[in-house]
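Trainee: here is a sequence with its predicted model. Questions after.
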Amino acid sequence: MIELKNLTKTFEDFTAVDSLNLQIASGEFFGLLGPNGAGKTTTIGMLSTLLLPTKGEILINGERLTRKRQDIKRKVSVITQEYSMRQDMDMDEIMEYQGRLYFIPVKQIRARTEELFQFAGLTEHRYKTIRKLSGGMKRKLMVCRALLTEPEILLLDEPTAGMDAISRRQMWNLLRQLNEQGLTILLTTHYIEEAQALCHRVALMNGGKLNDVDTPAHLIDKLGAYAVDVLSPDGVHSRYFSEREQAIAYLSGLEGQCTLRDTTLEDVFVEQAGKRLS
Amino acid sequence: MGIITILWEKWREFIRDFSRITLAAMVAPLMYLIVFGWGIRTTMNGQPYLYFLIPGVISLTTMNGSFNAIAQNLNVQRLYEKAFDQVIISPTPLWQFIAGQILAGALRGLYAGGIILFLVSPVKTGLIFNPVSFFILFLNGAVFSSLGIVVSFLARNHADVPRFSNYFIMPMAYLCNTFFSTDNVPHGAREVIAALPLSQTSRMIRSIAFGEAYHPVGILILFSYLTIFTVIALYFVYQKKNL
């Protein structure tokens, strides 16, 4: 289990994460959503010990996470938002370096690299240096690198950023499979449909604070399962209804271009972020 | 062990960039030797100036080799490639990462110094380089590797490391008992320069090369620098809030 207790991070006079309290169960697929500057990446940064909290603490299975806790760090893999790889190494070297950093025997690194490269379709590119790879290939390599260490917890910061639609779907399937095998996953993403498709629960963050934590279905129900979009000269305005009949009744009283649809997690996200902005 | 991992990483880098590293280590020191040693033919204390110059140039070459192998590379890994993030995230103890970098940097410095020694070997100078000389050169490399780590952690952008080199490493290369004896420097500045690590290294290497007794307090001074820089580097990796 991952527990964030009163987690706070300030940069000089700016508070990026403000008293965050959160519990993520073992085996859970958890999403951290929020607009730019919400504090998602800072939270991942603290979970990966790249950043140290200003206040509060992180517990992994009840043990306090610090940079010195090798035993805890051994269980965690991180896929950062940036590529975070030496540009002059080739793919094989990247994998071997990672394996060695996690004290995996070289023979085992090579065997597992073979499997992961075949699975990700990277085998034929394995001797290319990182600077010669496309963005999608680098992302795949980062996934392979994270899985090489057979972690119990996988932290993903915008893992599908820059991927085409097909690669993104492949990644979703892979993450789903890994989660079904018991891997705890914490995901931050800008693609709300990604969180809706994958996550058991999501936390909505804004301005460093936690706004809400629930399952995507419950968050949608809280807002109203049905949305009516009304097109006006100043843009699209949406209203939400818990009952379909209410939505239809509202719709029938409207003139102009309007549509009835199911509410999505994106609506919840936009509503929450919009409230904050206003 | 984490130290072996870092040595492996540095070894791969060395193999990959072998010709670039070797050429870079050779050019400037060779120029010094050609211009000041063979070009401007002069003597010092009744001996060819080249004899005085060689130990100093070898000392400064180990300094440059070690500092450059670590500072700019780690700076790029931390600020640009973000590859250093993976080290922090990994279970490799960070003190082993620091120790590995210092060791690898010292070996790179020793390699650079060794090239110059090899290139001047056809010149019959009678200078002595024994295991103690190599130990001192290794220690000098370790000092400047650890300084390289500290500078790379202090750097806020890519230009900061070359800037530090220009303001501190390059003046040291010229002033610290390399091209001339610090005994000629005015009182006050002399003591400051003499306390710098390269001055100590050059002095000891030259004494050994001339078959004279060297002052072992220089080794203690080098160890002191190494300890201070290592402690600062450890502070950064374990305590710095935002790496």
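Mentor: Ah, there it is.

Trainee: is A:Ile104 in contact with A:Pro151, as I believe?
Mentor: No. Using Cβ atoms under 8 Å, A:Ile104 is not in contact with A:Pro151; the gap is 11.8 Å. No exception for glycine: its C-beta is placed from N, CA and C like everyone else's.

Trainee: grab the nearest non-local neighbour of the most centrally placed residue in chain B.
Mentor: Centroid-nearest residue in chain B, with Cα atoms, centre = their mean: B:Met63, separated by 1.7 Å. Spatial nearest neighbour of B:Met63, excluding adjacent residues (Cβ to Cβ, 6 or more residues apart in numbering or on different chains): B:Phe144 at 4.8 Å.

Trainee: and for B:Ile102?
Mentor: Closest residue to B:Ile102 apart from its sequence neighbours, by Cβ to Cβ, 6+ apart: B:Ser145 at 4.6 Å.

Trainee: chain B contacts on the stretch 101-250 of chain A?
Mentor: A:101-103, A:145 (Cβ under 8 Å from any Cβ of the partner chain).

Trainee: state the pair within those residues that is farthest apart.
Mentor: Maximum pairwise distance in these, criterion Cβ to Cβ, is 15.2 Å, between A:Phe103 and A:Arg145.

Trainee: more crowded one of those two?
Mentor: A:Arg145 (23 against 15; other Cβ atoms under 10 Å in any protein chain shown).

Trainee: where does chain B have its least confident helix or strand?
Mentor: Across the helices and strands of chain B, mean pLDDT, DSSP states H and E gives its lowest value to strand B:43-44, namely a mean of 78.

Trainee: now the helices for chain B?
Mentor: Ranges of helices in chain B, per DSSP state H, are B:2-16, B:18-32, B:49-75, B:83-89, B:94-120, B:131-154, B:160-164, B:170-175, B:189-194, B:197-209, B:217-239.

Trainee: could I get these as CSV with distance to A:Gln272?
Mentor: Output for the helices of chain B, formatted as CSV (distance: least, Cβ to Cβ, whole Å):
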stretch, distance to A:Gln272
helix B:2-16, 44
helix B:18-32, 53
helix B:49-75, 40
helix B:83-89, 30
helix B:94-120, 39
helix B:131-154, 38
helix B:160-164, 41
helix B:170-175, 56
helix B:189-194, 61
helix B:197-209, 58
helix B:217-239, 36
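
Trainee: can you tell which of these is closest to A:Met163?
Mentor: Of all the helices of chain B, it is helix B:83-89 that lies closest to A:Met163, at 20.4 Å by Cβ to Cβ.

Trainee: restricting to C-alpha, output the closest one in PDB.
Mentor: Provided in PDB are the C-alpha atoms of helix B:83-89 (Å, rounded to 0.1, in the frame of the first residue of the first chain):
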ATOM      1  CA  ALA B  83      19.500  10.100 -16.900                       C
ATOM      2  CA  PHE B  84      20.700  10.900 -13.300                       C
ATOM      3  CA  ASP B  85      17.000  10.600 -12.200                       C
ATOM      4  CA  GLN B  86      17.200   6.900 -12.800                       C
ATOM      5  CA  VAL B  87      20.200   6.600 -10.400                       C
ATOM      6  CA  ILE B  88      18.300   8.500  -7.700                       C
ATOM      7  CA  ILE B  89      15.200   6.300  -8.200                       C
END
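
Trainee: ok, and what's touching that helix?
Mentor: Contact with helix B:83-89 is made by A:48-50, A:67, A:73, A:76-78, A:80, A:82, A:84-86, A:97-98, A:101, A:145, B:74, B:77-78, B:94, B:97, B:237, B:243, as judged by Cβ atoms under 8 Å, 6 or more residues apart in numbering or on different chains.

Trainee: repeat for stretch A:202-212
Mentor: By Cβ under 8 Å, 6+ apart, stretch A:202-212 touches A:9, A:15-22, A:30-35, A:37-40, A:42-43, A:195, A:213-216, A:219, A:222, A:265, A:268-269, A:272-273, A:276.
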